[in-house]
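Student: Give me the fold of what follows.
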Amino acid sequence: MTEDRLSSKVAELSNFVWGIAETLRGHYRTADHGKFVLPFIVLRRLE
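Tutor: Predicted structure coming up:
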């Protein structure tokens, strides 16, 4: 697999996971965001 294709796949998966985090954010109280959204933010930063 070429580097460009691998990078594209990583970006695609990252966007998918981040989309899930955005969806979850609307369903939980602000006090609960750390339990659900923070791990997704960490994943985003690792990207």
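Student: How about the contacts made by the residue nearest to the spatial centre of the chain?
Tutor: Centroid-nearest residue in the chain: W18, 2.8 Å away (criterion: Cα atoms, centre = their mean). The contact partners of W18, taken as Cβ atoms under 8 Å, 6 or more residues apart in numbering, are F40, L43, R44. (C-beta placed from N, C-alpha, C; glycine too.)
Student: Try it again at 10 Å.
Tutor: F40, I41, L43, R44, E47 (Cβ atoms under 10 Å, 6 or more residues apart in numbering).
Student: What ranges does this protein have for its helices?
Tutor: In the chain, the helices defined using DSSP state H lie at 3-25, 33-46.
Student: now those in TSV, with mean pLDDT?
Tutor: What follows is those, written out as TSV (pLDDT from 0 to 100):
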stretch	mean pLDDT
helix 3-25	83
helix 33-46	72
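Student: pretty sure A21 contacts K35?
Tutor: No - at 11.9 Å, A21 and K35 do not qualify as touching, with contact defined as Cβ atoms under 10 Å.
Student: ok, these two, which is more surrounded?
Tutor: Neighbours per residue (other Cβ atoms under 10 Å) separate A21 from K35, with A21 holding more: 17 against 10.
Student: What separation is there between L38 and D4?
Tutor: With the distance defined as Cβ to Cβ, to the nearest Å, L38 ends up 31 Å from D4.
Student: more crowded one of these two?
Tutor: L38 (11 against 8).
Student: Go ahead and confirm that one touches A21.
Tutor: Yes - the pair L38 / A21 is scored as a contact, 9.3 Å apart, by Cβ under 10 Å.
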